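**Student:** Attaching a predicted model along with its sequence, questions to come.
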Amino acid sequence: MVKKRIVVICPGRGTYTRDTSGYLAEFGASAKSQIAYMDEKRKLVGNTTLTDLDSMPFRAKIHMSGEHASPLIYACSLADFLSIDQEEYEIAAITGNSMGWYIALALSGALSHENSFSLISTMGSMMKDSIIGGQLIYSLVDENWRVDEAKKKSVLIEIKNVGAYVSIYLGGYLVIGGEQSALDTLLKTLPAKDNYPFQLPFHAAFHTPLLEPISQKAFELLPQSIFQKPTIPLVDGQGHIWSPYSSDIEELYRYTLGHQVTNAYDFSTAVTVTMKEFCPDNMVLLGPGNSLGGAFGQIMIQNNWLDIDSKKTFSSCQNNNPYLISMGMEAQRHLVC
């Protein structure tokens, strides 16, 4: 039997929510031993175990704080990844959005599970006591999910004028990072439409120069020796492909703890490169949740990929024969498990 080729997409922060709480209890069996390891490590430092966090009533202040949210999301994604039927599917490449880059490193073999947990826990806990800046999200698309280029140009100028930064290029959205004062200005001045702009709760100014101190601290705490060459190709937030044979470990280390911490993450380019360079039969979005589904559809529209040119044609494709399989959606999960 010829296997179908898939590219795996790893989600970022903000995906473990009230709606997705209990995800590990329902879908975590495939990562039982890995979750047990993480629970024991968390106990040793006085943190609530992931199993307990997942089973308790959701409280945003607890579950969405970095020291809890980051390993929770990693555990959910790891369980989903291990649930994929690899007798039927060949994983051609892995990419991710924002924190999803760390998960992609883990799943590709560029980090062992133990070192992945260490890196994700360390990065997630960096601002435990004080968050640097924040993020808001703003939509640039019309009703057909096509980017309004004039609007995009004016918004980019306004971002620069208030001293904020583009944090993530996310399909038809911009995630904007900066000091809270700059974000407060943008929340007032950006034209409101369909609940945008809105601030992302418990998010720092990720992927901006404001996180330079976090990058420096990460280099102090996390040695290059924990990195190794991936066994599955990776596509990063610049669209660069890290292959199993030619990846430079020092460059991978410096990109991960340096450039991607302090510079804009281009998820749109990452997805575009994976589609065009690996030509998968399907893209598979790991859980929890499905928050990247809309952005992914907008990226397909921007590329006219598979003749998808509007929200309507993307929705029709997803309803009839989904190109993007979201494991966080009950109706699609069974397609790859």
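**Tutor:** The structure has been received and is ready for your questions. Numbers count the residues shown, from 1 in each chain.

**Student:** so how far is whichever strand or helix holds residue 52 off the chain centroid?
**Tutor:** Taking DSSP states H and E as the criterion, residue 52 maps to helix 50-55. On the basis of CA atoms, centre = their mean, to the nearest Å, helix 50-55 is displaced by 21 Å from the centre of the chain it belongs to.

**Student:** And the contacts of that helix?
**Tutor:** The contact list for helix 50-55 (CB atoms under 8 Å, 6 or more residues apart in numbering) reads 21-25, 28, 35, 38-39, 42, 62-63, 68, 71-72, 75. Quick note: C-beta positions are derived from backbone N, CA and C, even for glycine.

**Student:** is it true that residue 104 lies in a helix?
**Tutor:** Yes: when classified by DSSP: H, G, I helix; E, B strand; the rest coil, residue 104 is found to be part of a helix.

**Student:** Test my guess that it contacts residue 232.
**Tutor:** No: with contacts defined as CB atoms under 8 Å, residue 104 does not count as touching residue 232, sitting 9.1 Å away.

**Student:** With neighbour numbers in mind, choose between these two.
**Tutor:** Neighbours of residue 104 and residue 232, each counted by other CB atoms under 10 Å, are more numerous for residue 104; the result is 30 against 19.

**Student:** Residues in contact with both of residue 104 and residue 232, list them for me.
**Tutor:** Taking CB under 8 Å, 6+ apart as the criterion, residue 104 and residue 232 both touch residue 94.

**Student:** Run a quick neighbour tally on the residue nearest to residue 309 when sequence neighbours are not counted.
**Tutor:** Of all residues beyond its chain neighbours, the one nearest residue 309 is residue 301 (5.9 Å), with distances taken as CB to CB, 6 or more residues apart in numbering. Neighbours of residue 301 under the rule other CB under 10 Å: 22.

**Student:** and residue 301, what is it in contact with?
**Tutor:** Contacts here follow CB under 8 Å, 6+ apart; on that basis residue 301 touches 144-146, 172, 308-311, 314.

**Student:** if I've got this straight, it is in a helix?
**Tutor:** Yes: secondary structure assignment (three-state DSSP) places residue 301 inside a helix.

**Student:** ok, it to residue 146 distance?
**Tutor:** 6 Å (CB to CB, to the nearest Å).
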